[in-house]
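In: quick check, what structure comes out for this input:
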Amino acid sequence: MKVGYCAIAGRPNAGKSTLLNAFLGVKLAAVSRRPQTTRAKVLGVDSGPEHQIVFLDTPGLLEPRYLMQRNLLKIAQSSIREADVQLYLIDAGKGFKEEDPGFLAKQNRKKTIIVLNKMDLVTKERLLPLIAEVSGKTGIDEIYPVSALRKFGLDMLRQGIIAKLPEGKPFYDPETLTDQPEKFFVAEIVREKLFELCGAEVPYATAVVIDTFREQEGRKDLIQATVWVERPSQKMIVIGQGGRKIKAVGTAARRGIEEFLGRPVYLELFVKVKGKWREREGDLRELGL
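Out: Okay, here's the model as predicted:
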C-alpha cells in the first residue's frame, strides 16, 4: 500500500484549498476569491484500496509583511519539508511569475510535482507553450494541468502523487477525513463568509474564536463566536449599518455550518477590538494562530 504526506503549496490564490476540497469530495478548507484565505495547515485524508494520501493544505507562499504572515510562512515551509510529495500550484490563468522560481528553489525537486491549476481559464493553444516555459525555467518535468474547480485532471494527478509515495501502513482509519475538530471548521466557515461579504482589507484584520459550542438534546446546537478586529473603524464595517452586515455574515455562516455538520444550529456572533493583534505573539497564540 502506498502511504504518505502530500503538501499543497504555492503562491496565494493559486487554488490550493479548492484542490484539497476537490480531492476529498468534501469542503474542508475555507475558500474565497481573495488571496491568503488559508491561515492554518488543514489536513485531509484521501483513502483508497491501495493508497492513503494525507494532504496538507498550506498558507500561500509570499514575502511576509507582519508577524502573522511570518508565522504562516513557517507553517507552509515546515509542511513542505516534512511531506513525502510536494505539489506546487501555479495559477495557469496568470502564468509563471518571477516569485515562483525563488519558492521552488527551496523545495526538493525529486519530491516536487508542478500543478497548473485553473486550466478552465486557459486556451488549448496556450497550454503547451506554458508547460514548456515552466519546465524550462524549473527543470521539473512532472507537470499536471488540472482544474480543481471543474475537477478536471485530478485522477491523473492522484496517480502521479501515489507513484511518489513510499509503501507502508495507513496512518488513519479509512473513514477519517481530517484530524481537526468540528470547532475548527466552524470558525473557518465564519471567516470565509467575512472574506466574501466584507471590504477588501477588513477580512485580513479579522480572527474568529469559537467561545461556545454546545450540543443540546432536542434543540439546535448553540454556537457563539467572537470576530476580533484591530480597529474600531473595522468593527463598524463588520457590523454594518443597523447591524445588517454582521447579520448577513451570520446567516451565510449558519447555512454553511449546518451543511457541514448535518444538523441545525443557532449561531450568535460578537465583534470585538484587539489592537494590532497580527503583530503580537501573545495575541496570535491566544487567537490560535
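
In: once you drop chain neighbours, what's closest to L261?
Out: E182 (6.5 Å; CB to CB, 6 or more residues apart in numbering). C-beta coordinates here come from the backbone N, C-alpha and C atoms, glycine included.

In: for V122, what are its contacts?
Out: By CB atoms under 8 Å, 6 or more residues apart in numbering, the residues touching V122 are 92-93, 116, 130, 145.

In: let's see it at 7 Å
Out: The contact partners of V122, by CB atoms under 7 Å, 6 or more residues apart in numbering, come to 92-93, 130.

In: which of those residues ranks first by neighbour count?
Out: Taking other CB atoms under 10 Å to define a neighbour, the member of the contacts of V122 with the most is A92, carrying 25 neighbours.

In: and the chain, what are its domain boundaries?
Out: 2-164, 182-286 (automatic domain parsing).

In: show me the contacts for V85.
Out: 4, 6, 111, 113, 161, 164-165.

In: what do you get if the cut-off is 6 Å, keeping everything else the same?
Out: The contact partners of V85, taken as CB atoms under 6 Å, 6 or more residues apart in numbering, are 6, 111, 161, 164.

In: ok, K164 next?
Out: Contacts of K164 by CB under 6 Å, 6+ apart are V85.

In: circling back: so can I have JSON lines of the contacts of V85 showing secondary structure, pLDDT and distance to P12?
Out: Formatted as JSON lines, those follow (DSSP: H, G, I helix; E, B strand; the rest coil; pLDDT from 0 to 100; distance: CB to CB, whole Å):
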{"residue": "C6", "secondary structure": "strand", "pLDDT": "94", "distance to P12": "20"}
{"residue": "K111", "secondary structure": "coil", "pLDDT": "88", "distance to P12": "22"}
{"residue": "I161", "secondary structure": "helix", "pLDDT": "97", "distance to P12": "22"}
{"residue": "K164", "secondary structure": "helix", "pLDDT": "95", "distance to P12": "25"}
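
In: which of the residues you listed sits closest to A187?
Out: C6 (24.6 Å; CB to CB).

In: beta partners for the closest one?
Out: Beta bridges link C6 to F55, V85 when assigned by DSSP bridges.

In: about what we covered before: dump the domains of the chain into CSV; add distance to D173 as well.
Out: Output for the domains of the chain, formatted as CSV (distance: least, CB to CB, whole Å):
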stretch, distance to D173
domain 2-164, 8
domain 182-286, 17
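
In: and of those domains, who's closest to P174?
Out: Short answer: domain 2-164, nearest of these by CB to CB, at 4.3 Å.

In: now S135: how far from L128?
Out: Separation of S135 from L128 (CB to CB, to the nearest Å): 11 Å.

In: what helix or strand is the closest residue to T138 other than its chain neighbours located in?
Out: Leaving aside its sequence neighbours, T138 sits nearest to L104 (CB to CB, 6+ apart; 5.6 Å). Assigned by DSSP states H and E, L104 belongs to helix 99-105.

In: extract the C-alpha trace of the next helix or strand after that helix and format it as CSV.
Out: For helix 99-105, the succeeding helix or strand toward the C-terminus, using DSSP H and E, is strand 112-117. Extracted in CSV, the C-alpha atoms of strand 112-117 (Å, rounded to 0.1, in the frame of the first residue of the first chain):
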residue,chain,number,x,y,z
THR,A,112,8.0,18.1,-6.4
ILE,A,113,5.1,17.9,-8.8
ILE,A,114,4.1,21.2,-10.5
VAL,A,115,0.3,21.6,-10.9
LEU,A,116,-1.0,24.1,-13.5
ASN,A,117,-4.4,24.9,-11.9
